[in-house]
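*Asks:* Structure for this input, please:
(one chain, ligands or ions: 1)
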Amino acid sequence: MDFDSFAKALPESGQVLLCTHRHPDPDGLGAMVGMAFLLEQRFGLASAMVLEGRIRRAENVAMRELLEIRALPKGGVDPAAYAGLIVVDSQPHFTHTHPPGGVPLIGFIDHHLGSVGEKQHDQETEVPFRWVDDSYGATSTMVDHLLRHYGVEPDVRTATALFCGVRYDTNNLLRGATEFDELSFRRLEQKADRKLLGAIDQPSLPREYFRQIREALDAGEVFGPLVLTMLGEVNSPESVAEVADWFLRLKGQTWSLAGGASEGRYQVSLRSDLPDADAYPVLRFILGEQGACGGHGRMAGGQIPLTEYSLEEVQAMVRRRALEAFEQVDVASSPLVSRTQGSGKNP
Ligand SMILES: [Mn+2]
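*Replies:* Numbering: from 1, shown residues only. Here you go, the predicted model:
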């Protein structure tokens, strides 16, 4: 990568707008905080962030609050006020990313390659700084790499934000981490605020969270290698991913699929713990023409809009194709947790 082309892509003056994918995660947030710090410290450029979708996973909410990450409301962006736009942890043409219009694209930085066949906008081929590289396990690592290249030492807040991005996206260097992530992880950890990290790791949880845990436990079914958890309305798309991750830990099963309705879409997450699993084509098949999805390696996520079909129809579709994909059609399921067993002293 020609890092010097980053400096050349920047405007000489004016404000830069930063954005990431819908429902920002720690990596997207960390990369934005790191980018804002780099722009200010090295290039004297002010920036503003715009966030799309809500942040609801308790850890992410805590990260945003404790690090005081402030963002403009999506509808509140005046394009004339910005000299350019930088997209982090996503790409402008990805289905879960909708940068505000009317601001010239300076560049994008992402560690996801994107799926084949996704069309790029015409303007993207000419974008001044385009850095997409899956030899990084997190976009926060890429931004840290830029900071090092430009000799900018992150302050405590920036280091904490970037560290959260690296550790959550790589699951503490266990998932898709490379030597770059390792280096950034060690370097940022030294500087990060331990108390804040602890508070972000173990946030307090609303009662609703526990209610949903119960619902997921009741809904989980085991079909051969698969744990299938089809939920109704959920608090957030992230809770679907959380359930899929959680149930993947079930002993004996190697795949976990969870689905739940949120914001007019049926969100679906697929996980596997097989070392060389490729989750994306499996989820692609399960969502069919009705859905969009992305993913790499052992994880994939996607959604089907609840416009043409009702929630019940979409649930039935996803279920039918999931059983087909795992060759479990006409196979009897067993509940993840038997509702009659273990209910204690109830009659
Ligand atoms: Mn990421």
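*Asks:* Tell me where the stretch 101-250 of the chain is predicted with low confidence.
*Replies:* Where the stretch 101-250 of the chain drops to pLDDT under 70, the residues are 114-125.
*Asks:* One more pass at 90, please.
*Replies:* 101, 112-127, 175-176, 206, 235-238 (pLDDT under 90).
*Asks:* Please enumerate the helices of it.
*Replies:* 139-149, 156-169, 179-191, 194-201, 207-219, 237-248 (DSSP state H, counting those that start in this stretch).
*Asks:* Is it possible to get those out as CSV so that each row also shows distance to A322?
*Replies:* C-beta here means a position set from N, CA and C on the backbone, and glycine is covered the same way. Putting the helices of the stretch 101-250 of the chain into CSV (distance: least, Cβ to Cβ, whole Å) gives the following:
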stretch, distance to A322
helix 139-149, 30
helix 156-169, 26
helix 179-191, 32
helix 194-201, 32
helix 207-219, 14
helix 237-248, 12
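*Asks:* Can you lay out those helices as a markdown table showing distance to E312 and mean neighbour count?
*Replies:* Putting the helices of the stretch 101-250 of the chain into a markdown table (distance: least, Cβ to Cβ, whole Å; neighbours: other Cβ atoms under 10 Å) gives the following:
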| stretch | distance to E312 | mean neighbour count |
| --- | --- | --- |
| helix 139-149 | 37 | 26 |
| helix 156-169 | 34 | 26 |
| helix 179-191 | 42 | 18 |
| helix 194-201 | 37 | 15 |
| helix 207-219 | 14 | 14 |
| helix 237-248 | 17 | 23 |
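*Asks:* Go through stretch 310-320 and flag the buried ones.
*Replies:* Neighbour-count burial for stretch 310-320, with 16 or more other Cβ atoms under 10 Å as criterion, is recorded at V314, Q315, M317, V318, R319.
*Asks:* Can you lay out those as a markdown table showing pLDDT?
*Replies:* Converted to a markdown table, these look like this (pLDDT from 0 to 100):
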| residue | pLDDT |
| --- | --- |
| V314 | 97 |
| Q315 | 97 |
| M317 | 97 |
| V318 | 97 |
| R319 | 97 |
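*Asks:* which among these gets closest to the ion?
*Replies:* Ranked by distance to the ion (Cβ to the ion), the buried residues of stretch 310-320 are led by V318 at 25.1 Å.
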